[in-house]
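# any chance you could fold what I've pasted below:
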Amino acid sequence: MRLIHLLVLTIPLLAYGCGNIGPPVLERQVLGYDEITSTLDQKLLLLNIARLSHGHPVHFTATSSIAATFDWTTSIGAGATVAESSGTNLFNFDFGASASENPTFQIVPITGKAFSEQILEPFDETGFQFHVFPRRDNIDRVLRLIVAGFEFQNPDGSHASYVENNPRRVREYEMFRRMVMHLDWLNENRKLFIRPLIFERVVLDGLEVPPRGQDIIKDEGLTWKRKSDGTYLVTRLTAGRLVIMNRDSTAMTDNEQFRLNEKLKKNPKGHVYVEITPDGPGGDFPIRGALKIRSVLQILTFVADGIEFAKEFDVSPDPSTGKIDVNPRATLEIIVTSSPPISDGVWMRYRDRYYSVANTRWDREAFSILGHLFETAVGDVEDVGIPITISK
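Modelled structure (predicted):
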């Protein structure tokens, strides 16, 4: 009877244990696929940096989908042997569980005109905002990666001079680095304002009668007011160009913001206006002009050139800039060795050489930003190119 009781208690526990094999397996596999996909993306970036460092063309492949069928089976049985003679009756039971999977991977070679435009076209102001706003403490890394150079402008917005973020142009590169450090110092001290110009734009002026309510509701953003002469003014709240300033642009009048926005319309797409005026914080180092934003291919080429062709070098801050905590020589240092690196970071082999990201917090974060920039530029690749399906 004791054995029977033991069996009655044990069988449900075993069944419960077998039934719970599936969820842990699923958890491990889903997280494993996610980790592998992330690692592949990082390796592809390193591979293309290595290609560019040799003067070879880039090529990207994306894992567009992973479909996996999971199968769990459990079995349990019990039996008994009853002897005719006196003695202890023999009981036995057995149980088993198994799990299997059948994954199907779909990879997509990213090619064609649309993709070429995505990696060749410079980021616009929205893309710049997207990467600066979430973590304002990364502004120095973002600027050094994403900005090709700085165009100094006259008060009327016309071109004055240009400095390139290129170590081969030594004096220009030094000036650019000092501007980035100055902006970063202002940002660290909460004296830098990065936001679009917001102003009321006149839609209609001199109306004899107030606009109808249905018109205001239909055209979202319209407001109206009665002027002192009895006529009505209709305006719309408008978001203009992005500006980086050492004063709050929202403290400017609507007319001031409107006039500044009209001037900035001269700047082509992929330019972000910067104005550090002498009457504000950090004004001892005045800056007025536009950041010229790179494309994804330009960013990758800049990093690849930094390996050997155009190595970056140390630049000290301008005397008017306050204390800078971190000021590494390279924007993103790629280590090239003849054997696999010892660190746990991602590495890639190309032409019998091994490429990896330098094992510092700065470089790891810069490489992470590079990955986000690539994902933002490329977007959805589900319908790009001809998919290749691999079944395991």
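# now the helices for the chain?
For the chain, applying DSSP state H gives helices covering 2-19, 22-53, 113-120, 125-132, 139-146, 170-188, 213-218, 254-264, 296-305, 361-378.
# pick the most buried one from those.
Among those, helix 139-146 has the highest mean neighbour count (mean count of other C-beta atoms under 10 Å), at a mean of 23. Any C-beta I mention is one placed from the backbone N, CA and C, and that applies to glycine too.
# can you list contacts of it?
123, 128, 131-132, 165, 177, 180-181, 183-184, 187, 192, 291, 293-294, 299, 302-303, 326, 331-332, 362, 365-366, 369-370, 373 (C-beta atoms under 8 Å, 6 or more residues apart in numbering).
# before we move on, the earlier item: got the helices of the chain as TSV, with distance to Asn154 and mean pLDDT columns?
What follows is the helices of the chain, written out as TSV (distance: least, C-beta to C-beta, whole Å; pLDDT from 0 to 100):
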stretch	distance to Asn154	mean pLDDT
helix 2-19	75	55
helix 22-53	36	76
helix 113-120	30	77
helix 125-132	21	81
helix 139-146	23	94
helix 170-188	17	96
helix 213-218	41	58
helix 254-264	11	91
helix 296-305	27	95
helix 361-378	31	89
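# could the ones you listed go into CSV alongside distance to Arg241?
Below are these laid out as CSV (distance: least, C-beta to C-beta, whole Å):
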stretch, distance to Arg241
helix 2-19, 60
helix 22-53, 31
helix 113-120, 23
helix 125-132, 7
helix 139-146, 17
helix 170-188, 17
helix 213-218, 27
helix 254-264, 4
helix 296-305, 22
helix 361-378, 20
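# count the neighbours of the nearest residue to Leu197 once chain neighbours are set aside for me.
The spatially closest residue to Leu197, leaving aside those adjacent along the chain, is Gly240, at 3.7 Å (C-beta to C-beta, 6 or more residues apart in numbering). Using other C-beta atoms under 10 Å, Gly240 has 18 other residues around it.
# try Lys265
The burial count for Lys265: 10, using other C-beta under 10 Å.
# which residues does Phe199 bridge with?
Thr238 (DSSP bridges).
# just give the number of residues close to it.
Going by other C-beta under 10 Å, the residues that sit close to Phe199 add up to 23.
# mind listing what it touches?
Leu237, Thr238, Gly240, Asp254, Asn255, Gln257, Phe258, Asn261.
# in contact with the second one, which residues are there?
The one in question is Thr238. Ile198, Phe199, Glu200, Arg201, Gly221.
# what sits against Asn166?
Asn166 touches Gly149, Glu172, Tyr173, Ala310, counting by C-beta under 8 Å, 6+ apart.
# that older thread, which among the contacts of Thr238 end up buried?
Phe199, Glu200 (16 or more other C-beta atoms under 10 Å).
# in terms of model confidence, name the weakest of the contacts of Thr238.
Within the set of the contacts of Thr238, pLDDT is lowest for Gly221 (63).
# thinking again about what came up before, thought the residue nearest to Leu197 was touching Arg195?
No: Gly240 is beyond contact range of Arg195, at 10.3 Å (criterion: C-beta atoms under 8 Å).
# in stretch 332-346, which residues are buried?
So, applying 16+ other C-beta under 10 Å, buried residues of stretch 332-346: Leu332, Glu333, Ile334, Ile335, Pro341, Gly345, Val346.
# gap between the two ends of that stretch?
14 Å (C-alpha to C-alpha, to the nearest Å).
# then stretch 325-341?
End-to-end distance (C-alpha to C-alpha), stretch 325-341: 28 Å.
# what average pLDDT does that stretch get?
94.
# show me the contact partners of it.
Contacts of stretch 325-341 (C-beta under 8 Å, 6+ apart): 46, 49, 53, 140-141, 144-145, 181, 188, 302-304, 306-307, 311-315, 317, 347, 349, 352-358, 360, 362-363, 366-367, 370.
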